[in-house]
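Peer 1: Whatever this is, show me its structure:
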Amino acid sequence: RLGVIPTLAPYYLPGVLPCLRAEHPDLKLLLREDLTGRLLDMLRAGRLDALILALPVDDPGLESAPLFDEPFHVALPAGHPLAAHESLSEDALQGERLLLLEEGHCFRDQALAVCGFDARGGDRDGFAGTSLNTLCEMVAGRIGITLLPALAAARAPAGVETRPFTAPAPSRRMGLAWRRGSPRDGELRLLGDCLRAHAPPGVTPAG
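Peer 2: The predicted structure follows:
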């Protein structure tokens, strides 16, 4: 019973699940996509066995293993002046309208931190997207810009151009978390090893 955050699940699972099935045909996965807070509650309650989410997880009752580092990209309306650059600095985004996910998404806080805004900074007009796909549609509609994790940026829709950040690029570390003392500890560590070995293009496997 594996929980996955929504800013990763649709971009990551379609590529990695066939590898898991091929190498471990007896493995039965029940997947749950939800926000980090709710997934953590379900994990602590024993309703899930493990989570794939952004690290760190500040909970002494949980174990975690890093999987990969996923850089952030800037999503711009097609033809936006910033799209003339091959890469962008964080300072280049100042003055742009930053479109954000609604509260409860950990990626919202990460985007705010990258752009140097406080918790009220990016969505002063009260708009907040429910998904990365929604944000991309708003970007395509020339309402503002947003940040995307690399795996989502690789699937940006028509009307959206993405650019990487100049090095060192901001990123998030994805990892596997489970309850400390779980009877499946050994199996979950093996699952983490398998997921790390099949890190998709565009990310850096954790050392």
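
Peer 1: avg pLDDT for stretch 133-153?
Peer 2: In this model, stretch 133-153 has an average pLDDT of 95.

Peer 1: So Asp59 sits against Leu40, correct?
Peer 2: Yes: with contact defined as CB atoms under 8 Å, Asp59 reaches Leu40; the gap is 7.3 Å. Where C-beta positions appear, they are placed from N, C-alpha and C, glycine not excepted.

Peer 1: neighbour-wise, which of these two wins?
Peer 2: Leu40 (19 against 14; other CB atoms under 10 Å).

Peer 1: Which residues are in contact with Ala75?
Peer 2: Leu135, Cys136, Val139, Ile145, Thr146, Leu147, Leu148, Ala153, Ala156, Val160, Glu161, Thr162 (CB atoms under 8 Å, 6 or more residues apart in numbering).

Peer 1: measure it to Met42 for me?
Peer 2: Counting by CB to CB, to the nearest Å, the separation of Ala75 from Met42 is 30 Å.

Peer 1: Helix or strand: which one has Leu76?
Peer 2: strand 62-77 (DSSP states H and E).

Peer 1: Show me which of the contacts of Ala75 is closest to Trp178.
Peer 2: Checking the contacts of Ala75 against Trp178 with CB to CB, the nearest one is Leu148 at 27.8 Å.

Peer 1: any chance you could map the helices in this protein?
Peer 2: Per DSSP state H, the chain carries helices over the ranges 9-23, 36-44, 106-115, 132-140, 150-153, 185-197.

Peer 1: in the lowest-mean-pLDDT helix or strand in the chain, what's buried?
Peer 2: Least confident helix or strand of the chain, by mean pLDDT, DSSP states H and E, is helix 106-115 with a mean of 84. Neighbour counts over helix 106-115 (16 or more other CB atoms under 10 Å) mark Cys106, Phe107, Arg108, Gln110, Ala111, Leu112, Val114, Cys115 as buried.

Peer 1: residue contacts, the first one?
Peer 2: Meaning Cys106. Ile5, Thr7, Thr36, Leu53, Ala54.

Peer 1: any idea how far it is from Asp34?
Peer 2: Distance from Cys106 to Asp34, by CB to CB: 12 Å.

Peer 1: So for Ala61, what's the nearest residue that isn't a sequence neighbour?
Peer 2: Residue 61: Gly, not Ala. Arg180 (5.5 Å; CB to CB, 6 or more residues apart in numbering).
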